[in-house]
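quick one: sequence plus predicted model below, questions after.
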Amino acid sequence: MAHKTNGPERFWKELKRRKVFGVVTTYAATAYIIIEVTNNLVEPLSLPAWIAKLVILLLVAGLPIVIILSWIFEFTPQGIKKTEPIEESGKGEILVKPVKRKIRASYVLNGVLIIAVIVLAYPKIFKKNTLERLRSSGERISIAVMPFQNMTNDTAWNVWEDGIQDILISSLSNSEELKIRQAESIKNLVRSEGILNYASITPSIASTISQKMDANILIFGNIKQAGSTIRLYTQLIDPETEEVYKSFQIEGLAIEKNIFQLIDTLSGMVSNFLIISELEKKVPEIYRLSGMTDSPEAYRDFLQGRNEYMKEDYPASIKWYSKAITADSNFFQAIISISLAYNNQFEYETWFSSGHDKLFLYEESKKWCLRACGKMDQMTTKQKTYTQWLYARLFETKSEEIKYLKQLIESDDQWVTVYFNLGNSYLESDQYEKAIPEYERALEICKKWGLKPYWAMYYTYLGQMYHKTGQYKKEARVYKQAEKDFPDDLELIGSQGILALSQGDTITANRSFKRFSTIMRNMSFPEATITSLLAYGYNEAGFPDKAEEFYRLSLSLDSGNPDRVNSLAYFLIEKDRKIDEALKLINKVLNSNPENFIYLHTKGWGLYKQGKYQEAVDVLQISWDLRRERAIYDHQAYFHLEAAKKAVAGQ
């Protein structure tokens, strides 16, 4: 059969006859598979990042060569032969020989290649749609950043397993579009899996942890070294399917001073992929604006301080935080942390005494808080809110504290310590019913994650709120749960004794109080302190006669201690027992401690109970002013002052 053709049609038919389109399709499919295989082998084989780029360039350069060769040659059953020129009739017509159709090996090969491409490409398209769905849903994407794995065989890089995680978390927190799960929660979940070495974390384990935290995206990475080059590898993973959204790699000289620049670059790559806000894209040094430091020494000390803080060794944490700040005076994350450590140290000290001689701890806490506030223009939204909460705790009222804590929960509804602190704020303002759901929520999250709470107080404070509201069965259950995690905790044992005594179970109560006393003696606490705490327990259980007996015993064991006098005097006044004696006791200690706002408060409350309202207002106001200057807001002191003022107004 013959056809008359023009130039373009003739060229088109030649392309088809010489099977150029089939060869190009086969080459493209094969090239795609080669690129995918290369990308997947770069990290496991520790190949440099430029290998993947080189493969792509070579494949692109090979395309025109393949086109030319496919035009000139063809595959035949007899081997590769030069393609015969097209036959024409004398009238310029193309003579097309009839071809008998049959299945060729090339067709099968092309089919296999197409299937392979679909298998490789479909997950990528699916993942892109998943991310687009998350971005367009109107909800913020929640992200869990795992500790990086040190795969260098050099333990000097171990500190950066946590360090890189922390800096990425802080950097990504700049975006209001993302919810970043807190490092402390992730680390505790890792430990709850029985993992002590981060190198043991597999993508499967990391995905399980991320799902417990309701994270949409898992960031998983490691540190590798090849000669003098250090490489940071990072993958963004779907926790449900364990499919990789995107991989990143950054490398540089294997010297510690370069680590922040590498992390900064890596963070920018991750942020850009997740479409972080335009404001963040304009920030040249993300880690600085996230409260970090460019001093490896400062960051090492900071991590040590945080570890001691979580163990409730506040003096040790203060020492490490101080060293970090000495190394970098602008390291405001360390500044915030040292303020909290001083605050917690004061609260720990006042568990055993009035703490008036420890007020310097509050002064230090306030000093560091104010220093942090001076750097709020450099902070992320979350860090700024956290600093505002700390300022409210030290300088303002419980209502201000609660406001900022609620804002923090809005930024991350899985932040366990914020729920706990919110419960504390309600407790300290005598809003027991409101405190309960916050403590419960903190424990619910811990249970959901399979996580042991940071401190026994997560249980005991909730139990005490149940006790205050008469929910003894719930109190008993929460103490049972606490025994599994903190079997020897002093506050837990004491609280169990109070509960038993409240329910008339004196045998269990005495056993608990005896165990409590034994542990305290083993810790070298004075008998007067032990006796005073037992007096508190009897008072809480509703046995005022026994409480008075133990308060008097405590005073007899340490008669020269004005705190013992104040404890007895305040108890007598609060319970309306021998108020005249109590005022004589407190006046005696005030002679030598005239500006002790705690003792002044006791006297003022005693005057109120005697009906001397104006005198009570005068003394309670002095106490209040001194307290606000030297310590922090106390709801009971505020309530007593307002009650006295109201009584004066009603006369």
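Perfect, thanks for sending it.

not counting its neighbours along the chain, what's nearest G450?
Nearest residue to G450, sequence neighbours excluded (CB to CB, 6 or more residues apart in numbering): S192, at 4.9 Å. Just so you know, the C-beta spots here come from the backbone N, C-alpha and C atoms, and that holds for glycine as well.

any idea how far the one you found is from D430?
S192 sits 34 Å away from D430, going by CB to CB, to the nearest Å.

go on, D545?
Distance, D545 to D430, by CB to CB: 25 Å.

more neighbours, these two?
Set side by side, D545 and D430 show more neighbours around D430, with 13 against 9, by other CB atoms under 10 Å.

for the more buried one, give me its contacts.
The contact partners of D430, by CB atoms under 8 Å, 6 or more residues apart in numbering, come to H635, Q636, F639.

nearest to E615, out of those: which one, please.
E615 lies nearest to F639 out of those, by CB to CB, at 18.3 Å.

for the strand or helix carrying the closest one, packing partners?
Following DSSP states H and E, one finds F639 within helix 635-649. Packing partners of helix 635-649 (3 or more CB pairs under 8 Å, 6 or more residues apart in numbering; DSSP states H and E): helix 597-609, helix 613-630.

let me have these in JSON lines, extended by mean neighbour count.
Listed next are the helices and strands packed on helix 635-649 as JSON lines, based on neighbours: other CB atoms under 10 Å:
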{"stretch": "helix 597-609", "mean neighbour count": "25"}
{"stretch": "helix 613-630", "mean neighbour count": "18"}
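
want to throw the ones you listed into CSV with distance to R552?
Formatted as CSV, the helices and strands packed on helix 635-649 follow (distance: least, CB to CB, whole Å):
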stretch, distance to R552
helix 597-609, 16
helix 613-630, 25
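
of those helices, give the one that comes closest to Q407.
Q407 sits nearest to helix 613-630 of all the helices and strands packed on helix 635-649, at 24.3 Å, using CB to CB.

distance between that closest one and the chain's centre?
Relative to the centre of its chain, helix 613-630 is centred 40 Å away, using CA atoms, centre = their mean, to the nearest Å.

re the thing from before, are any of the contacts of D430 buried, and which?
Neighbour counting by 16 or more other CB atoms under 10 Å classes none of the contacts of D430 as buried.

export those to a markdown table and tack on distance to T380 and pLDDT?
As requested, the contacts of D430 are arranged in a markdown table below (distance: CB to CB, whole Å; pLDDT from 0 to 100):
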| residue | distance to T380 | pLDDT |
| --- | --- | --- |
| H635 | 31 | 91 |
| Q636 | 36 | 92 |
| F639 | 37 | 94 |
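
quick check, nearest of those residues to S142?
H635 (35.0 Å).

for that closest one, which non-adjacent residue is closest in space?
In this structure, H635 finds its nearest non-sequential neighbour in S429, 4.6 Å apart by CB to CB, 6+ apart.

check contacts around that neighbour.
S429 neighbours (CB under 8 Å, 6+ apart): K398, S399, H635.

between the helices and strands packed on helix 635-649, which one is nearest to G537?
Judged by CB to CB, the one of those that comes nearest to G537 is helix 597-609, at 20.5 Å.

relative to helix 613-630, how tilted is that closest one?
In terms of direction (axes from the mean of the first three to the mean of the last three CA atoms, to 10 degrees), helix 597-609 departs from helix 613-630 by 160 degrees.

which one of the helices and strands packed on helix 635-649 lies closest to T518?
T518 sits nearest to helix 597-609 of all these, at 29.9 Å, using CB to CB.

G252 sits in which helix or strand?
Using DSSP H and E, G252 falls in strand 244-253.

mind listing what's buried in the helix or strand that comes right after that strand?
Once strand 244-253 ends, the next helix or strand along the chain (criterion: DSSP H and E) is helix 259-273. Residues of helix 259-273 classed as buried: I259, F260, L262, I263, D264, T265, L266, S267, G268, V270, S271 (neighbour count, 16+ other CB under 10 Å).

mind putting these into CSV with pLDDT and distance to P594?
Converted to CSV, those look like this (pLDDT from 0 to 100; distance: CB to CB, whole Å):
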residue, pLDDT, distance to P594
I259, 83, 56
F260, 83, 53
L262, 86, 60
I263, 84, 55
D264, 83, 56
T265, 84, 61
L266, 85, 60
S267, 81, 56
G268, 77, 60
V270, 81, 60
S271, 73, 58
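
does Q414 count as helix, strand or coil?
coil (DSSP: H, G, I helix; E, B strand; the rest coil).

these two touch, right, it and I445?
Yes. With contact defined as CB atoms under 8 Å, Q414 reaches I445; the gap is 5.9 Å.

nearest residue to the middle of this protein?
Centroid-nearest residue in the chain: Q182, 1.2 Å away (criterion: CA atoms, centre = their mean).

give me the number of residues near P203?
Look at P203: counted by other CB under 10 Å, it has 15 neighbours.

same question, K468
There are 16 residues near K468, going by other CB under 10 Å.

would you map the helices across the stretch 51-200 of the chain?
For the stretch 51-200 of the chain, applying DSSP state H, counting those that start in this stretch gives helices covering 105-136, 159-172, 183-192.

brilliant, that's me finished.
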